[in-house]
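A.B. asks: Generate coordinates for the sequence data below:
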Amino acid sequence: MTIYLPIAELSVNIFIILGMGAAVGFLSGMFGVGGGFLITPLLIFYNIPPVVAVATGANQVVASSISGAITHFRRGTLDVKLGTVLLVGGLSGATVGIWIFSLLRAIGQLDLFISLLYVIFLGTVGGLMLWESINAMRRAARNEAPVPRRPGHQHWVHKLPLKVRFKKSKIYLSVIPIVTLGFAIGILTSVMGVGGGFIMVPAMIYLLRIPTNVVVGTSLFQIIFVTAYTTIVQAATNYSVDIVLAFVLMLAGVIGAQYGVRVGQRLRGEQLRALLGLLVLAVGLRLAVALVLTPEDIFSVVMGVGN
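C.D. replies: Sure, this is the predicted structure:
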């Protein structure tokens, strides 16, 4: 059974799209990530134009993040003040990212840039996650305790000016690194179609030393508004959000996430990180192979917007 995607301008098998959405939803529920960094490459593999894959992938992240943020807010594990500071940087970064996105599309280098960025990004993140998880499993096998942080140790980030007290997170921290982190995630959201949670969460924990219990909820809070902003601007500026594709993906993703959560609860943290690291590396490798292989159709005709 096929459906027509009006913005992507092609017909696709609805069961394959449903399978993609369910698979990414399952993985999102199991690993606790938004899934934007997985759905965008998968859509590209299925010959969805990268410009549509990026914008529609960001749209799906909004739906998956709202539910999680509401849950964390009810539990009291969401720092709205910290999330607002992140949001200031995120919206600014998203605006710059959309400008970069439009510029690359105008000069005809968007597809190559997105693929290269994903290969570098996924390869680096997947490698680091896999290395860290393997070391954690080795320590667990030898019954070694993790090295504790030195009491009172001050990271260089905590010596920056313009400090603000965040009561919910119980930290006194400069707004400079917080806004900078939000800015970087905003660019990634608009250019790559990712929520950025799998980068933001480790950065907030290990770099900014924000308590883990408020990190996930606060990250989701920022992601909701930045991805929603990106989706609206992409739709208005580049006409690249395919609502039919987004609806099918979200429908399947919500169902898949419910089963993913159940499976994830049965695995240890280091096992989950190792599996996610392998998955991220596999997606990055698949994109890298696609970049160096000779395409079946060497020549193609692309109609411009004004034609």
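A.B. asks: Contacts for the stretch of helix or strand Val12 belongs to, please.
C.D. replies: Applying DSSP states H and E as the criterion places Val12 in strand 10-13. The contact list for strand 10-13, computed with C-beta atoms under 8 Å, 6 or more residues apart in numbering, reads Met1, Thr2, Ile3, Tyr4, Leu5, Tyr46, Asn47, Ile48, Leu245. The C-beta positions use only the backbone N, C-alpha and C, and glycine is treated the same way.
A.B. asks: any idea of the mean pLDDT in whatever helix or strand comes next after it?
C.D. replies: Using DSSP H and E, the helix or strand that follows strand 10-13 in sequence is helix 14-31. Mean per-residue pLDDT for helix 14-31: 78.
A.B. asks: and what of stretch 238-258?
C.D. replies: Mean pLDDT, stretch 238-258: 78.
A.B. asks: list the buried ones in it?
C.D. replies: Buried residues in stretch 238-258, counting neighbours by 16 or more other C-beta atoms under 10 Å, are found at 238, 240-242, 244-246, 248-257.
A.B. asks: And the longest helix anywhere in the chain, what's buried?
C.D. replies: Ranked by residue count, the top helix of the chain under DSSP state H comes out as helix 110-141. Residues of helix 110-141 classed as buried by neighbour count (16+ other C-beta under 10 Å): 110, 113-115, 118-119, 121-123, 125-126, 129-130, 133, 136.
A.B. asks: What of stretch 37-52?
C.D. replies: Within stretch 37-52, the residues that count as buried by 16+ other C-beta under 10 Å are 37-44, 48-52.
A.B. asks: Filter those down to just the ones in helices.
C.D. replies: Cross-referencing the buried residues of stretch 37-52 against helices under DSSP H gives Phe37, Leu38, Ile39, Thr40, Pro41, Leu42, Leu43, Ile44, Pro50, Val51, Val52.
A.B. asks: wait, which of those residues is closest to Ile70?
C.D. replies: Of all those, Ile39 has the smallest distance to Ile70: 21.7 Å, by C-beta to C-beta.
A.B. asks: Give me the distance between the closest one and Gly21.
C.D. replies: Separation of Ile39 from Gly21 (C-beta to C-beta, to the nearest Å) stands at 8 Å.
A.B. asks: Then Ala235?
C.D. replies: Plainly put, Ala235 is 20 Å away from Gly21 if you go by C-beta to C-beta.
A.B. asks: out of these two, which sits in the busier spot?
C.D. replies: Per other C-beta atoms under 10 Å, whichever of Ala235 and Gly21 has more neighbours is Gly21, with 27 against 17.
A.B. asks: gap between the longest helix of the chain and the chain center?
C.D. replies: How far helix 110-141 lies from its chain's middle: 13 Å, per C-alpha atoms, centre = their mean, to the nearest Å.
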